[in-house]
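*Asks:* The sequence and its predicted three-dimensional model are supplied below.
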Amino acid sequence: MTLLICLIGAILSTIVWYLSAHARRLYIGKLVLMFWGASLMWMVDLFYEYLEVKSKVFTPSSAVMINDAFLGVSVVVLALVIWLVMILVKDPLHVIHPISNQGR
């Protein structure tokens, strides 16, 4: 479930990055890399868990699925918070610190 949630975030953010030049100015590429990196990490985790417990990976209990869903949502929220802080610090659209014309 965690892998699925991260993959959905990665695919959606990649589509936004590809279709919108404005989104590229807002460092959406960093968010794309965070989501694809998390997806790769969960893919490796799934692979090693499958090697360890075989088919039980594909038939989890409802409690495990709920825990995985909460973890997946937490990963997405953390990535969005990191991206938002990066946007606020770098201020690519100069909203927080507008460019002044005092030098003229």
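*Replies:* Structure's in. What do you need?

*Asks:* Please make it C-alpha for all contacts and neighbour counts, starting now.
*Replies:* Noted.

*Asks:* Quick check, central residue of this protein?
*Replies:* Nearest to the mean C-alpha position of the chain, by CA atoms, centre = their mean, lies Phe35 at 3.2 Å.

*Asks:* ranges for the strands of this protein?
*Replies:* Remark: strands of the chain are absent; assignment by DSSP state E.

*Asks:* Can you mark which positions in the helix or strand of it with the lowest mean pLDDT are buried?
*Replies:* Ranking every helix and strand in the chain by mean pLDDT, DSSP states H and E puts helix 21-25 at the bottom, with a mean of 90. Buried residues in helix 21-25, counting neighbours by 16 or more other CA atoms under 10 Å, are absent.

*Asks:* and the gap between the residue nearest to the centre of the chain and Leu3?
*Replies:* As judged by CA to CA, to the nearest Å, Phe35 and Leu3 stand 10 Å apart.

*Asks:* Which parts of stretch 33-41 count as buried, going by neighbours?
*Replies:* 34-36, 38-39.

*Asks:* one step back: next one: the least confident helix or strand of the chain to chain centre, how far?
*Replies:* Distance of helix 21-25 from the chain centroid (CA atoms, centre = their mean, to the nearest Å) equals 17 Å.
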